[in-house]
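> Provided below are the primary sequence and the corresponding predicted coordinates.
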Amino acid sequence: MAVFESLREAVATLVHDGDTAALEGFTHLIPFAAGHEVIRQRRRGLTLVRMTPDLIYDQMIGMGCASRLVFSWGGNPGVGSLHRFRDAVQTGWPLPLEIEEHSHADMAARYQAGASGLPFAVMRGYVGSDLPKFNKRIQSITCPFTGEVLTATPALSPDVTIIHAQKADRKGNVLIYGIIGIQKEAALAAKRVIVTVEEIVDDLQAPMNACVLPAWVVSCICEVPGGAHPSYAHGYYKRDNAFCKAWDVISRERETFLAWMNRHVLSTADFAEYRRSIAADLRVTSNA
Amino acid sequence: MAVFESLREAVATLVHDGDTAALEGFTHLIPFAAGHEVIRQRRRGLTLVRMTPDLIYDQMIGMGCASRLVFSWGGNPGVGSLHRFRDAVQTGWPLPLEIEEHSHADMAARYQAGASGLPFAVMRGYVGSDLPKFNKRIQSITCPFTGEVLTATPALSPDVTIIHAQKADRKGNVLIYGIIGIQKEAALAAKRVIVTVEEIVDDLQAPMNACVLPAWVVSCICEVPGGAHPSYAHGYYKRDNAFCKAWDVISRERETFLAWMNRHVLSTADFAEYRRSIAADLRVTSNA
Amino acid sequence: MPETGYSPTEIMTIAAARKLQNGTVCFVGIGLPSAAANLARITHAPDVVLIYESGTIGAKPDVLPLSIGDGELAETADSVVSVPEIFRYWLQGGRVDVGFLGAAQIDKFGRINTTVIGGTYDAPRVRLPGAGGAPEIATAAKEVAIILKQSKRAFVEKLDFVTSSGFIEGSSGNQQAGVRGRGPTTVITDLGIMVSDPATRELVLTTLHPGVTVEQVKETTGWNLRIAANLEITPKPSAGELSALRDLHARTVAAHGCTGCPE
Amino acid sequence: MPETGYSPTEIMTIAAARKLQNGTVCFVGIGLPSAAANLARITHAPDVVLIYESGTIGAKPDVLPLSIGDGELAETADSVVSVPEIFRYWLQGGRVDVGFLGAAQIDKFGRINTTVIGGTYDAPRVRLPGAGGAPEIATAAKEVAIILKQSKRAFVEKLDFVTSSGFIEGSSGNQQAGVRGRGPTTVITDLGIMVSDPATRELVLTTLHPGVTVEQVKETTGWNLRIAANLEITPKPSAGELSALRDLHARTVAAHGCTGCPE
């Protein structure tokens, strides 16, 4: 049953060194605030899972939280490359980063299998691709009825999944709308679930067939307004494109990256203070 | 791309003798009007597919439309047995009815596989059950990663799927809400799709993550107000429980069944005339 | 109404409701299981989570549904999902604590037949509705409770067909098949309560409803029923339980014209 | 602006847009493919169905999205579904006519590399973003068009890594793998258009943009490019096409501060 805690308490109790952690969001509702708290609490040896690792994973990798990355596309949407991710893969800074690489369709199917209590997923995948040569978790399976050979990959079941949503009600039921991505599957596939929300309301006012996570599948709910910045929260604020472009410069060199992270993340107590810090410093125009 | 036609035209052009036809609906939005039109046009040799065959399949079976039934639960919800279904299975009247029987979870997974372009579905099914002994389409498959033995069943891909929905817009986009059942999967798994709707509107006013079938996956849309009676259409009318109870009496004997079908279905031109006919005759109180 | 002040069906329903603890996630069958689960919800277990296979999660119906997919369930649910999702993400996903089922026939292991009676599978004497969700509910739910009136026709030595079991005979069978639940653990009848022996899985009569004798139970059970050493007696229905159940049925009759449950 | 009155990127985008017929179902990659697909939608193909892998079906954005999941896509879509649904029911389900993709590197068969450049897979010289949706788009779409500026770095004899192919070499390979699409059939560049030979799958230069010479194309192609016997010339962009594209970019810059496309 969902409890209501501060993000600091939630990360302290539910995210452990060495965990397989999925901070999901498909270009929308990215849990930046939660990622920063994981960095502040200096988690180490995490296996980070995400279909689309972007700035927050770049930050977690650059700050040494991760030893492994399971993913299907890593970049700064609309801007370009992730310099910290590249540095870790290309030169092993600050730590060697083992990577396990799949396609989007595969990662989505793996989360579905995890949510469905199945050990593997079946798909039509990777025809002619080199990826299976470098990833032993991509195997084949034969249809017992047609003899067709298809792709099989193992279910994803994170120790902890962290997502950001628009609303929770006071019982802890969560509403996600707009581009809902893979969040429901990632949450249902995980042993523990942290949800940061824009606001806690009396009534979700969810349409009948909306994407709702009932309180009893959520471990902890944290109210963190603006917690997806610089990504966006449909109905609340737009993506901060200026920040995403600025990140390309900030993250290019290790020194500027470390200085920025120390100043704005490690030296701030929480996300609200972080927002004030970057606003004052970078004049980042946030639409939050 | 969806065309707008009368139900008579739609059934004449899209439902053929010998087709595998799925008239789906999970206790809600059952396409009764479409089933009656199939009976009027005297289709024969159909393989009828449905998770929950109820009154309309009882009528189609009793009128000799079907030679085969693929299903997981057959009954008159809240009332009891389907007498025509029983008569066909137990005594072969009016025709022998071959049955292929699965569980709900299996049928749902088979429709999903059909909608997903996969030849088979994987599930944890039938532990200790006799059903696999009598259904060779229930096979086993071994997980290539864990060695677990699971159940595999073949994808369902009907020649034609017929569903009833609340609304279509003038482009042919369809909105279904409330208990959405298996309709989306049944439609996407089929070669041809007929959708009867309560009304055609300028704007669906669909919530962002609602269950919407885009016009380009629908073959034909027919405006048939009340077309789900005696089942219900959320937001339009309630189930006609009195009719469901009356059906238990009407259908018990072959003679009363045939007389009723001749009088109200075969002797009426369309669903509107049928509704007037039963209203006058049976004093069925419809909430439509 | 018998002089006890309550009917056998009423104490069966109330005894079943008492088995549901508050906060439990219950996958609910239609009819008596639904009546018992909702009685629990409106009495001692306000936070019980009722899931119906129609895709309604956290349904809180004010009147009993006549079908597994009544609009009342959707209107009162926390979430309404598709049927494939309810079976894959919610049931198979291992999120259900207890499956509440009815049956046509059960055997001494709590296995269920809802497929055929008499004759052969291809030419049965009586064709029943079929499996529905039962085979996977029996496997995926952490445990299964069955609610069924006793009779020699219903409680049989050998089932005509095993529709739903929830376990494989033999010690390692379940592990091999990836079964995580305990299968059928409790059968609540109009005469008493049977609980399965964890070792042999055989049902043992552990509780009698007030005024019921062991002989009555044996006479209406088609196998040589094991009896617990120290039998318990079901506490009589409280005035609150009875009035809650009767009000629920009254509201249902007012809405639908019937209770949707056998009397 | 060159004296032609349009830029190489503009004619590339316009030539790509012209390939999309009205009513086509197009699975759209971000950047140039998205610009071309939306240009088609607001010019000659108003009923083209644009699907983005973020789950937006029938998106009609007024400004170009910077990311594959911009809110503008959701607000203008006929339906917004989950990411697993878009890949399973809509892409793998065989509902996509054409996949519109970009790339970092392609080879003479239109195979794509977006994974690593140089070094080894484990220690690459340059680590690229990875596969995203491409491997299954290339397989499941009925055909694939690639939009990419020409350079010897991008058009290579041998890929450093085959991220996405869409076919298996050998005649029966595709059938065995259940591939239903034709794979990469068209490559639209800033200099012209290449079309794959149905027999060998090798790309053949079939069209030059106005004023471009075969030598220019050969010089910017890393393999010995086959040239069609009778080369066509791309019709010049119409005033309507140019103004529609420039207005689209202007609206996008006004909304986002940039076009989201390489210039």
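Nice, thanks for sending it over. All of these numbers come straight from a predicted model, not from anything done at the bench. Residues are numbered from 1 along each chain as shown, chains lettered A, B, ... in the order given.

> Just say helix, strand or coil for residue C:41.
In three-state terms, and counting by DSSP: H, G, I helix; E, B strand; the rest coil, residue C:41 is helix.

> what sits against it?
By Cβ atoms under 8 Å, 6 or more residues apart in numbering or on different chains, the residues touching residue C:41 are C:48, C:50, C:60. In this view, the C-beta of every residue, glycine as well, is placed from N, C-alpha and C.

> Just the endpoints, please. Distance across stretch C:168-186?
One end of stretch C:168-186 sits 18 Å from the other (Cα to Cα, to the nearest Å).

> sorry, that was for stretch C:179-199
Between where stretch C:179-199 begins and where it ends, there is a gap of 16 Å, by Cα to Cα.

> Quick check: buried residues in it?
C:179, C:181-196 (16 or more other Cβ atoms under 10 Å in any protein chain shown).

> Please report how far residue A:18 lies from residue A:219.
18 Å (Cβ to Cβ, to the nearest Å).

> Counting by contacts, list what the longest strand that chain C contains packs against.
If you go by DSSP state E, chain C has its longest strand at strand C:226-233. Contacts defined by 3 or more Cβ pairs under 8 Å, 6 or more residues apart in numbering or on different chains; DSSP states H and E place strand C:226-233 against strand C:203-208.

> Now do the buried residues in the following helix or strand past the strand it packs on.
From strand C:203-208 onward toward the C-terminus, using DSSP states H and E, the following helix or strand is helix C:214-219. Under the neighbour-count criterion of 16+ other Cβ under 10 Å, helix C:214-219 has C:216, C:217 buried.

> before we move on, back to that, quick one: which of residue A:18 and residue A:219 has more around it?
residue A:219 (21 against 12; other Cβ atoms under 10 Å in any protein chain shown).

> Which positions in chain C make contact with chain A?
Chain C comes close to chain A at residues C:23, C:25, C:49, C:57-58, C:74-75, C:78-81, C:88-89, C:92-95, C:140, C:178, as judged by Cβ under 8 Å from any Cβ of the partner chain.

> Just the buried residues of those.
In these, the ones that pass as buried (16+ other Cβ under 10 Å) are C:25, C:49, C:57-58, C:74-75, C:78-81, C:88-89, C:92-93, C:95, C:140, C:178.

> residues near residue A:96, how many?
When neighbours are counted by other Cβ under 10 Å, residue A:96 comes out with 11.

> what does the one 3 residues further on give?
Using other Cβ under 10 Å, the number of residues around residue A:99 comes to 18.

> just to revisit the earlier point, keep only the residues of chain C next to chain A that also lie close to chain B.
Among the residues of chain C next to chain A, chain B is touched by C:74, C:80, C:81, C:88, C:92, C:140, C:178 when using Cβ under 8 Å from any Cβ.

> In strands only, show me these.
residue C:80.

> if we can go back for a sec, can you tell me which of the buried ones among the residues of chain C next to chain A are in helices?
C:74, C:75, C:140 (DSSP state H).

> Could you dump the residues you listed into JSON lines and include distance to residue A:266?
Converted to JSON lines, these look like this (distance: Cβ to Cβ, whole Å):
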{"residue": "C:74", "distance to residue A:266": "48"}
{"residue": "C:75", "distance to residue A:266": "49"}
{"residue": "C:140", "distance to residue A:266": "45"}
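
> quick one: residue A:262 and chain D, what's the gap?
25 Å (Cβ to the nearest Cβ, to the nearest Å).

> Correct me if wrong, but that residue is in a helix.
Yes - counting by three-state DSSP, residue A:262 is part of a helix.

> what's the pLDDT at it?
Looking at residue A:262, its pLDDT stands at 97.

> And for residue C:257?
The predicted local confidence for residue C:257 is 84.

> Make sure it is actually in contact with residue B:242.
Yes - counting by Cβ atoms under 8 Å, residue C:257 does reach residue B:242; the two are 6.8 Å apart.

> Look at these two and report which has more neighbours.
residue B:242 (16 against 12).

> I'd like the secondary structure assignment at residue A:53, please.
Residue A:53 - assigned by three-state DSSP - is coil.

> The closest residue to it other than its chain neighbours: neighbour count?
Excluding the flanking residues, the one nearest residue A:53 by Cβ to Cβ, 6 or more residues apart in numbering or on different chains is residue A:74, at 4.3 Å. When neighbours are counted by other Cβ under 10 Å, residue A:74 registers 26.

> My read is that residue A:74 contacts residue D:131, right?
No - with contact defined as Cβ under 8 Å, residue A:74 does not count as touching residue D:131 (10.4 Å).

> where does chain C have its least confident helix or strand?
The weakest-scoring helix or strand in chain C, judged by mean pLDDT, DSSP states H and E, is helix C:173-176 (a mean of 56).

> The stretch 101-250 of chain A against chain C: which residues are in contact?
So the stretch 101-250 of chain A meets chain C at A:112, A:115-119, A:173, A:184-185, A:188, A:206, A:208-210, A:212-214, A:216-217 (Cβ under 8 Å from any Cβ).

> at 6 Å what do you get?
A:115, A:116, A:117, A:173, A:188, A:208, A:209, A:212, A:214, A:216 (Cβ under 6 Å from any Cβ of the partner chain).

> mind checking the SS state of the last one?
Three-state call for residue A:216 (three-state DSSP): helix.

> Who are the contact partners of it?
Taking Cβ atoms under 6 Å, 6 or more residues apart in numbering or on different chains, we find residue A:216 in contact with A:1, C:49.
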